[in-house]
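Peer 1: quick one, structure for this:
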Amino acid sequence: MKILVYEHVSGGGFAGASIPADILCEGFAMLKTLIHSLKAAGHKITTLLDARIMALNPPIEADNIIRISSLQEAKKKICKLSGTVDAAYIIAPESGGTLAELVSIVEDSGNASLNCRSEAIKRASDKAEACRELKRRGLPIPETIEANVNQDIGEIRSKVKDIGVPVVFKPIDGVGCAGLSLVRSLNQISRAIERIKHESSGERFLIQKYIRGASASVSLIASSQRAMPITLNRQRTKLAAPNGRSAYLGGSTPMIHTQGERTLDVARRAVESFEDLRGYVGVDLLLTGDKAIILEVNPRLTTSFIGIEKIINFNLAQAIIDAVLLGRLPEKIQTLGFAAFQKVETPIPKQEKIQILYRLGFVASPPFPISRNDKAYALIEAHAATLKAAMSKFYRVKRRLLEMVS
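Peer 2: Residues are numbered from 1 along each chain as shown. Below you'll find the predicted structure:
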């Protein structure tokens, strides 16, 4: 098949603006890994790249790479190319309706979209609506109240008191950890609201009871009615106070946990609660001693894909295609070892070093020298027979990378 793969951060979504280095490394790593998996399955790939990244001749295996200089140009190319290929896959955040809008462009072309349907993306991306649906289905979620940044501060304080601190403030349409704050006292509320205003395009947000537990996710392959859990993944996240910065750092897969089987079942039921979630879907959860509590449903490719693709016993990209186009889900799922994947902050490398960095193994995304700040981010993925060996390999690669950049 001829397939268009578009990744929003590296593919032109920030053309003409500064690209946040910490999300660029995640986006490019997903793009690179998905294209590799699709090529291994025998498909011909077209992709788009921001002109600044294309100038650095990055290591991706696409058959055709198109240079993009503006977001409008990217949208026009997606529209035009979607009519000339057999199928298209969009990697983008849900925030601001970005993913749903881009997927609808593909759908309107009449050719196959390999994403969840755009209407399903809208439903799952609205965290308030998603919480209501999950609760209606009897699935475990944190105690949750909806609020608005324009509400009287006294009303919001009253809502926080109803739940009881500590609580988490979370934008309705946020992605990753954008706008996320851990509020431990009432005097932190104003700052938490300001963070949401600064980091989210919407006004609505959730106040959720803070629950201590292990941060995890489940990756699933779904047809429109059924979902098949693939792996339970450990997530490394930093949940900060409103004056700090919450962040997704990386993770590992598979995660071994006493609540493993229950967690996979809860995630499956969560995905099956939304009609037309299909292909690859992620579910974020907190694991306590006796519960798996759903935080959100992600109707898109997630960073865990980078590690799973290396240790699963089938071609993960082809499984997405088979689920969407044929309604066929994987059978006899087996993990062949462990993978660890984490972001690494680095100095901005000199351009003459970037080609050398491309040749460093296990670097899913190099630290591209295009940030206006004084730092860049790489994403390293290392896999081995055991988690200990994978982590050891990760730290060796990290040390070597930092030596080369310095």
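Peer 1: need the contact partners of the helix or strand of the chain with the lowest mean pLDDT.
Peer 2: Among the helices and strands of the chain, helix 351-358 carries the lowest confidence by mean pLDDT, DSSP states H and E, at a mean of 91. Helix 351-358 has contacts (Cβ atoms under 8 Å, 6 or more residues apart in numbering) with 56-59, 349, 363, 366-369, 378, 401, 404-405. (C-beta placed from N, C-alpha, C; glycine too.)
Peer 1: dump these to CSV, plus pLDDT.
Peer 2: Formatted as CSV, the contacts of helix 351-358 follow (pLDDT from 0 to 100):
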residue, pLDDT
56, 96
57, 96
58, 96
59, 93
349, 94
363, 97
366, 97
367, 97
368, 96
369, 93
378, 98
401, 97
404, 95
405, 93
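Peer 1: among these, which two are most distant?
Peer 2: 57 and 401 (18.8 Å; Cβ to Cβ).
Peer 1: domain ranges for the chain?
Peer 2: Using automatic domain parsing, the domains assigned to the chain come out as 2-115, 143-209, 212-300, 338-405.
Peer 1: for these, which one sits closest to residue 307?
Peer 2: Closest among those, once you apply Cβ to Cβ, is domain 338-405, at 3.3 Å.
Peer 1: any idea how far that closest one is from the chain center?
Peer 2: Centroid displacement of domain 338-405 relative to its chain, using Cα atoms, centre = their mean, to the nearest Å, is 19 Å.
Peer 1: circling back: who has more neighbours out of residue 57 and residue 401?
Peer 2: Comparing residue 57 with residue 401 by other Cβ atoms under 10 Å, the one with more neighbours is residue 401, at 21 against 12.
Peer 1: does that one really touch residue 362, like I thought?
Peer 2: No. Using Cβ atoms under 8 Å, residue 401 is not in contact with residue 362, being 9.2 Å away.
Peer 1: list the residues that contact both of the two?
Peer 2: residue 380.
Peer 1: now do the contacts for residue 239.
Peer 2: By Cβ under 8 Å, 6+ apart, residue 239 lies in contact with 168, 177, 180, 182, 246.
Peer 1: measure residue 39 to residue 361 for me?
Peer 2: Distance, residue 39 to residue 361, using Cβ to Cβ, to the nearest Å: 18 Å.
Peer 1: the two: who's more crowded?
Peer 2: Taking neighbours as other Cβ under 10 Å, residue 39 and residue 361 compare with residue 39 leading, 17 against 9.
Peer 1: and the particular helix or strand that has that one in it, which residues are buried?
Peer 2: Using DSSP states H and E, residue 39 falls within helix 21-40. For helix 21-40, burial by neighbour count (16 or more other Cβ atoms under 10 Å) applies to 21-39.
Peer 1: could you do stretch 128-145 as well?
Peer 2: So stretch 128-145, judged by 16+ other Cβ under 10 Å, has buried residues 128, 130-131, 133-134, 139-142, 144-145.
Peer 1: output the residues you listed as TSV; include the columns distance to residue 273, secondary structure and pLDDT.
Peer 2: Below are these laid out as TSV (distance: Cβ to Cβ, whole Å; DSSP: H, G, I helix; E, B strand; the rest coil; pLDDT from 0 to 100):
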residue	distance to residue 273	secondary structure	pLDDT
128	15	helix	95
130	9	helix	96
131	11	helix	96
133	6	helix	97
134	6	helix	98
139	7	coil	98
140	13	coil	98
141	11	coil	98
142	17	coil	98
144	16	strand	97
145	21	strand	97
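Peer 1: would you mind listing which of the contacts of helix 351-358 are buried?
Peer 2: 56, 58, 349, 363, 366-369, 378, 401, 405.
Peer 1: got the contact list for the nearest residue to residue 137 once chain neighbours are set aside?
Peer 2: In space, and not counting its chain neighbours, residue 137 is closest to residue 273: 4.9 Å by Cβ to Cβ, 6 or more residues apart in numbering. By Cβ under 8 Å, 6+ apart, the residues touching residue 273 are 133-134, 137, 139.
Peer 1: hang on, the earlier thing: relative to residue 327, which of the domains of the chain is closest?
Peer 2: Closest among those, using Cβ to Cβ: domain 212-300, at 4.4 Å.
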